[in-house]
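>>> Please find the sequence and the predicted model below.
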Amino acid sequence: MRLRKVALVAVVVLILDGCASATHSVRSVMAQHQQWQQLSVEPIQQAVATLASDEFSGRRAGTSAAVKASNWLAQEFQSIGLIPAGTDGYTWPFTFTYTEHSALPELEISHISHQTLRYRRDYAATLVSGAGLAEAEVVFVGYAMVAPELNYDDFAGVDLTGKIALVVRGAPGVGAEVKPEYRSQQVKDANVAARGGVGILYVARPKEYRGDELQRKYSVMAPVKLPAVEISREVADKLLGTRVDLGEIVNEMDRRRKPHPFATGWRAKIKTQVTVDPERADLNVLGLLKGSDPAQQDRVVIIGAHYDHMGTDVDGAIFHGAYDNASGVATLLTVARILAADPPRCSVLFAAWGAEESGMVGSSAYRNAPGFRGDRLVGVINLDTIGRSDILTIELSRTDQGAAHILDFAQQLKVKVKEMGHVGPSDGMTFAKLPVPVIQVVDEGSTNHIHTLVDQVEGVNVQRLAAIARLVALQTWWWGDWGVSSHVQQ
């Protein structure tokens with residue numbers, strides 16, 4: 001059954017009205033909330049451990065594990081005293097296109113025994129793959145990139161008809177003029193398919209190779225035409241032969257902007273099975289804390305964090321997602337407990353977003369729903385991949401309307417931060433074009449451990465999460481009680 005996408009959003013963009021006073025300093029706000037310095041880390045540790053446990057099986061959006069996680073979150077919201085703000089109690093359903101490898105991909109390469117190629121050591125499922133069987137000669141086509149404005153064509157002079165393409169992920173390091181879409185595997189798939197290719201072997205760009213690529217989870221985000229797998233650098237080197245070094249050829253391509261396609265002389269066989277469900281159901285979990293001032297309760301701050309992760313791979317491995325993003329959800333719950341005991345004058349909507357890993361689907365469905373009230377939103381704070389680094393990145397969509405105060409609060413709390421003048425790819429980006437401040441809090445260098453099997457509870461510093469919870473609570477309270485005098489039309 002197609003689920004309704006009608007929002008029960010009693011609240012949301014922007015009237016930061018005259019409940020403000022410029023005489024109230026950051027220090028005075030902190031002095032008023034000294035009790036927030038004494039936070040117990042036990043509930044934070046318990047929340048991270050629960051969400052990242054085997055019981056929740058990696059919380060893949062659109063699965064029974066995600067439903068179980070949403071039920072647990074609804075119970076947590078209820079115990080805190082938040083008001084149900086979904087269309088069905090605390091839950092707010094939506095649908096999305098669910099795609100997933102439904103069987104272990106298979107790879108065979110001529111002259112290499114099939115038994116010696118091991119999943120996760122030599123090859124793995126990749127982010128973008130179609131379903132099918134391809135058995136053909138392997139041709140190296142660089143980045144599989146066609147950029148007429150740069151006079152660059154990785155397919156120039158090579159016949160790819162009926163062949164399997166060996167493709168380097170990413171794009172040439174030729175400066176800012178290289179369009180972001182040239183890195184897209186969907187674009188690479190389309191380029192190969194348009195030239196008669198029948199399959200793709202991806203390998204990491206040498207300069208970006210970390211050695212753990214095959215330990216990552218590559219859920220299929222969108223169905224494409226060609227079967228594909230990711231291969232290790234070692235397998236790629238065998239395909240290229242002793243006469244060609246992958247690092248040298250890619251460096252030459254980058255430096256001279258000169259593609260270097262050629263037939264490898266090897267044959268490969270790729271077999272993939274991909275499940276596609278265009279109407280898979282998933283859930284946001286929403287709880288509302290009403291403001292302490294009845295005259296200000298229709299003004300709302302949204303505090304969000306996605307609760308989904310990458311689920312269970314086809315080989316049975318669980319991607320627990322403690323850092324990404326049980327850490328953010330545990331911090332969100334902590335902020336809810338803090339503010340429930342001492343509410344700001346405006347209301348606060350706590351949002352555990354679903355399907356962020358599938359392209360920020362849950363937050364986008366909410367933002368685009370007919371019932372969304374952008375005219376009442378004060379600001380948005382999003383939490384993602386925190387508690388591992390000693391430095392936070394504070395991503396700001398704008399620095400006015402009191403948003404920059406979070407930097408002052410961080411200084412007072414002795415939390416090291418790095419400011420960034422835009423909001424990166426997470427649920428905060430969903431709201432970044434609204435005329436209100438969006439603050440996204442992530443770890444500096446947070447990509448090193450995401451979507452890997454090593455993302456476990458032990459890697460999350462709950463003391464850091466407690467400090468971040470205090471930081472977010474102070475900023476929210478500032479917005480709600482002191483704020484700034486302004487009115488911006490949507």
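Done, it's in.

>>> Please identify the buried residues of the longest strand seen in the chain?
With DSSP state E setting the assignment, residue counts place strand 274-289 as the longest strand in the chain. Neighbour counts over strand 274-289 (16 or more other CB atoms under 10 Å) mark Val274, Arg280, Ala281, Asp282, Leu283, Asn284, Val285, Leu286, Gly287, Leu288, Leu289 as buried. C-beta here means a position set from N, CA and C on the backbone, and glycine is covered the same way.

>>> Stretch 65-78 - what's its average pLDDT?
Across stretch 65-78, pLDDT averages out at 98.

>>> now that stretch: how far from the chain's centre is it?
Centroid displacement of stretch 65-78 relative to its chain, using CA atoms, centre = their mean, to the nearest Å, is 20 Å.

>>> And it, what's buried?
Residues of stretch 65-78 classed as buried by neighbour count (16+ other CB under 10 Å): Ala65, Ala66, Val67, Ala69, Ser70, Trp72, Leu73, Ala74, Glu76, Phe77.

>>> residue contacts, the closest residue to the fifth one other than its chain neighbours?
Nearest non-adjacent residue to Ser70, counting by CB to CB, 6 or more residues apart in numbering: Leu283, 4.5 Å away. When contacts are counted by CB atoms under 8 Å, 6 or more residues apart in numbering, Leu283 touches Ala66, Val67, Ser70, Gly86, Thr91, Trp92, Pro93, Phe94, Gly354, Gly362.

>>> how near is Leu283 to His306?
Separation of Leu283 from His306 (CB to CB, to the nearest Å) stands at 12 Å.

>>> Torsion angles phi and psi at Val158?
Torsion angles at Val158 (phi, psi; degrees, to the nearest 10) stand at phi -130, psi 140.

>>> who's in contact with it?
The neighbours of Val158, taking CB under 8 Å, 6+ apart as the test, are Val139, Val141, Pro261, Phe262, Ala263.

>>> Which secondary structure state is assigned to Gln35?
Reduced to three states with DSSP: H, G, I helix; E, B strand; the rest coil, the structure at Gln35 is helix.

>>> That one: what's it in contact with?
Taking CB under 8 Å, 6+ apart as the test, what Gln35 contacts is Asp342.

>>> returning to what we had before: is the residue nearest to Ser70 bridged to anything, and to what?
With DSSP bridges applied, Leu283 shows beta-bridge pairing to Pro93.

>>> mean confidence score for stretch 203-221?
When pLDDT is averaged along stretch 203-221, the result is 72.

>>> how near is the nearest residue to Ser53 once chain neighbours are set aside to Val457?
Distances taken as CB to CB, 6+ apart place His320 nearest to Ser53, at 7.4 Å, with adjacent residues excluded. Spatial separation of His320 from Val457 under the definition CB to CB is 7 Å.

>>> More neighbours: which of the two?
Summary of the neighbour comparison: His320 and Val457, criterion other CB atoms under 10 Å, with His320 having more neighbours (25 against 18).

>>> secondary structure element for Glu234?
helix 233-240 (DSSP states H and E).

>>> Which other helices and strands does that helix contact?
Secondary-structure packing of helix 233-240 (3 or more CB pairs under 8 Å, 6 or more residues apart in numbering; DSSP states H and E): strand 106-109, strand 132-140, strand 164-168, strand 199-203, helix 246-256, strand 262-272.

>>> tilt between that helix and strand 164-168?
Relative orientation of helix 233-240 and strand 164-168, computed by axes from the mean of the first three to the mean of the last three CA atoms, to 10 degrees: 130 degrees.

>>> returning to that earlier point: and the residue nearest to Ser53, what does it touch?
Shown here is His320, whose contacts under the criterion CB under 8 Å, 6+ apart are Ala52, Ser53, Asp54, Gly58, His309, Ala326, Asp455, Gln456, Val457.

>>> Most neighbours among the residues you listed, which one?
Ranked by the number of neighbours (other CB under 10 Å), the contacts of His320 place His309 first, at 32 neighbours.

>>> what's the burial count for the nearest residue to it once chain neighbours are set aside?
Taking CB to CB, 6+ apart as the measure, His309 lies nearest to Gly321, with 2.9 Å between them; neighbours along the chain are not counted. Gly321 sits with 31 neighbouring residues when counted by other CB under 10 Å.

>>> Quick check, Gly321 in contact with Thr312.
No. Look at Gly321 against Thr312 with CB atoms under 8 Å: they stay out of range, at 11.2 Å.

>>> could I get the buried residues of strand 274-289 as a markdown table with distance to Ile439?
Converted to a markdown table, the buried residues of strand 274-289 look like this (distance: CB to CB, whole Å):
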| residue | distance to Ile439 |
| --- | --- |
| Val274 | 37 |
| Arg280 | 31 |
| Ala281 | 30 |
| Asp282 | 25 |
| Leu283 | 25 |
| Asn284 | 20 |
| Val285 | 21 |
| Leu286 | 19 |
| Gly287 | 20 |
| Leu288 | 20 |
| Leu289 | 18 |
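
>>> Quick check: neighbours shared by Leu283 and His306?
With contacts defined as CB under 8 Å, 6+ apart, the residues shared by Leu283 and His306 are Gly354, Gly362.

>>> tell me the contacts of the nearest residue to Ile338 once chain neighbours are set aside?
Counting by CB to CB, 6+ apart, Ala473 is the residue found nearest to Ile338 once chain neighbours are left out, at 4.5 Å. Listed by CB under 8 Å, 6+ apart, the contact set of Ala473 reads His33, Trp36, Val335, Ile338, Leu339.

>>> For the helix or strand the third one falls within, buried residues please.
Assessed by DSSP H and E, Val335 sits inside helix 327-341. Of all the residues in helix 327-341, those buried under the rule 16+ other CB under 10 Å are 327-339.

>>> pull the CA atoms of the helix or strand following it into CSV?
Under the assignment DSSP H and E, the closest C-terminal helix or strand after helix 327-341 is strand 347-353. Once side chains and other backbone atoms are set aside, the C-alpha atoms of strand 347-353 remain, and they are given as CSV (Å, rounded to 0.1, in the frame of the first residue of the first chain):
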residue,chain,number,x,y,z
SER,A,347,9.3,24.5,20.8
VAL,A,348,11.9,21.9,19.7
LEU,A,349,11.2,19.1,17.2
PHE,A,350,13.5,16.1,17.7
ALA,A,351,13.8,14.1,14.5
ALA,A,352,15.4,10.7,14.0
TRP,A,353,15.6,10.6,10.2
